[in-house]
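Student: give the three-dimensional model of this entry:
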Amino acid sequence: MLSIHTNSLVVKFFKSNNQLGYFIVDKIILRNYINIIVKIKIILLIFLIFPKSLYPEKQNIRFEKLSCEDGLSQSNVFSIIQDRKGFMWFATEDGINKYDAYSFTIYKNNPNNINSLSDNWVNRIYEDSSGYLWIGTDSKGLDKFDTEKEIFTHYKHNPANPNSLSSNRINSICEGKEGVLWIGTDAGLNIFETELEIKNNYNNKPVTPNSL
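Tutor: Sure, this is the predicted structure:
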C-alpha cells in the first residue's frame, strides 16, 4: 500500500518495459525549484534587453595642463583648493592664483598696501566654514583673506607675546570643532581660537616625554 503525505505529489511514469512506475515529489521543494527557474529566466531576460545599462560605460578621463603660459603666476604649486563658489585656488612660490575656468587672478605682496598678501611664497590655502581663506606663508606668518572685500589680515610670530604664532613658517591648516583652527608650523602646533590670539602652542619639550 502506497502512503502519500498531503504535501507530496505523485508522478507516474512508464519504465522501459512499459510497466507503470511512480515517484513522489515534495510540493514545497518543487515549488522552490520552479521559483528559482523563473528568477533565472527573468535575470537572463534583463541581460538580453538592457545589456548596456548593466555595465557602466568606460569614462573618458582627460587631463588638461595649466601653466605659466595660461596665466599661472609660477609653476611650483604647493596647495590647491576649490572654494564654495567653485573657484580654484593655487598656492605658489609667487603668490596665490584664483582660477575661474577661463583666466587667472593673481594676488601678491604689495609693499605699499598693508592689506595685501604678506608673503608671495605660499605653502597652504584653506577655506574655513565661514568662507574665509587662510593663507599659510613660508616666512611671513598666517593671512586671513576676505574674498568679498579682498583684504588680507596678518598674524605673525611675536617673541614678546606667548599667545602669538609659534613660527612664521606655516606648513598646514585645518579646522576643528566650533571653528577652531589648527595651524601647523615648523616650531609646533597652534590652536587659533579667536581672531585676537593663539590660545595654545604645542611643541617639543625634550624634558617632557608626552610633548609633541
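Student: strands of the chain, start to end?
Tutor: Here the chain has its strands, by DSSP state E, at 8-14, 20-26, 77-82, 88-92, 95-99, 104-107, 122-127, 133-137, 142-146, 151-155, 170-175, 181-185, 188-192, 198-202.
Student: who does the fourth one pair up with?
Tutor: Using DSSP bridges, the strands paired with strand 88-92 are strand 77-82 (antiparallel), strand 95-99 (antiparallel).
Student: what's near enough to touch the residue nearest to residue 140 when sequence neighbours are not counted?
Tutor: Excluding the flanking residues, the one nearest residue 140 by CB to CB, 6 or more residues apart in numbering is residue 119, at 3.5 Å. (C-beta placed from N, C-alpha, C; glycine too.) Taking CB atoms under 8 Å, 6 or more residues apart in numbering as the criterion, residue 119 is in contact with 109, 137, 138, 139, 140, 141.
Student: next: residue 73.
Tutor: Residue 73 sits next to 92, 94, 95, 97, 104, 106, 108 when contact means CB under 8 Å, 6+ apart.
Student: what about residue 129, neighbour count?
Tutor: Using other CB atoms under 10 Å, the number of residues around residue 129 comes to 9.
Student: tell me if I'm right that it and residue 174 touch.
Tutor: No. Residue 129 is not in contact with residue 174 according to CB atoms under 8 Å; the separation is 11.7 Å.
Student: which residues of this structure score low on pLDDT?
Tutor: Along the chain, the parts satisfying pLDDT under 70 run over 1-30, 50-58, 194-212.
Student: out of the strands of the chain, which one sits most buried?
Tutor: Ranked by mean neighbour count under mean count of other CB atoms under 10 Å, these are led by strand 133-137, which reaches a mean of 24.
Student: what's in contact with that one?
Tutor: 79, 83, 89, 91, 96, 117-119, 121-128, 142-145, 147, 152, 168-173, 181, 183.
Student: quick check: angle from that strand to strand 95-99?
Tutor: Strand 133-137 runs at 150 degrees relative to strand 95-99, counting by axes from the mean of the first three to the mean of the last three CA atoms, to 10 degrees.
Student: and strand 133-137, which strands flank it?
Tutor: Counting by DSSP bridges, strand 133-137 is paired with strand 122-127 (antiparallel), strand 142-146 (antiparallel).
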